[in-house]
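# sequence first, predicted model second:
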Amino acid sequence: MLEAIADRRAELVLPAYPLAELRRVLVEKLKLAPDDADRAADLVVQLASTIAETPSLVPARSGDPDDDRIIAAALEAGAKILVSGDNRHILPLRNVGAMRILRPQEVLAELA
């Protein structure tokens, strides 16, 4: 996926909200050293064409307020596709308005 973004075949719109969560997961779950997690998160930010802010009004859509914030930020930024691995709250929605919700593998297959 990052290769497609680097090659400009896809554009990364990154919600600002989950950046701290990304760093936490990289350290706590994937056991990266904090400095390595910071560098990895910084690389993702550098690849992003847009850092999307969460709007002040976030409608309940997924059953998880944190996921609703991500969905709202993606919609606010005009994303056409929200890429997620969240089988519990986000993927079952399939789409929100005109924005499709796909697994990373599905997006890669479309880009191939």
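Perfect, thanks for sending it.
# quick one: the strands in this protein?
For the chain, applying DSSP state E gives strands covering 12-15, 48-52, 81-83, 95-96, 99-102.
# what pairs with the second one, and is each one parallel or antiparallel?
What it means is strand 48-52. Sheet pairing of strand 48-52 (DSSP bridges) gives strand 12-15 (parallel).
# any residues touching the strand it pairs with, and which ones?
For strand 12-15, contacts defined as CB atoms under 8 Å, 6 or more residues apart in numbering pick out 5, 44-45, 47-54, 69-70, 73-74, 77-79. C-betas here are computed from N, CA, C, even on glycine.
# filter these down to the buried ones.
5, 48, 52, 54, 69-70, 73-74, 77, 79 (16 or more other CB atoms under 10 Å).
# turn those into a markdown table, including pLDDT and distance to residue 35.
Converted to a markdown table, the buried ones among the contacts of strand 12-15 look like this (pLDDT from 0 to 100; distance: CB to CB, whole Å):
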| residue | pLDDT | distance to residue 35 |
| --- | --- | --- |
| 5 | 83 | 23 |
| 48 | 88 | 21 |
| 52 | 83 | 26 |
| 54 | 83 | 28 |
| 69 | 90 | 28 |
| 70 | 90 | 26 |
| 73 | 90 | 27 |
| 74 | 91 | 29 |
| 77 | 89 | 29 |
| 79 | 92 | 30 |
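# which ones among these are found in helices?
Using DSSP state H, 5, 69-70, 73-74 are the members of the buried ones among the contacts of strand 12-15 that sit in helices.
# sorry, back to before: in TSV: the strands of the chain, plus distance to residue 40.
Listed next are these as TSV, based on distance: least, CB to CB, whole Å:
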stretch	distance to residue 40
strand 12-15	13
strand 48-52	13
strand 81-83	17
strand 95-96	28
strand 99-102	23
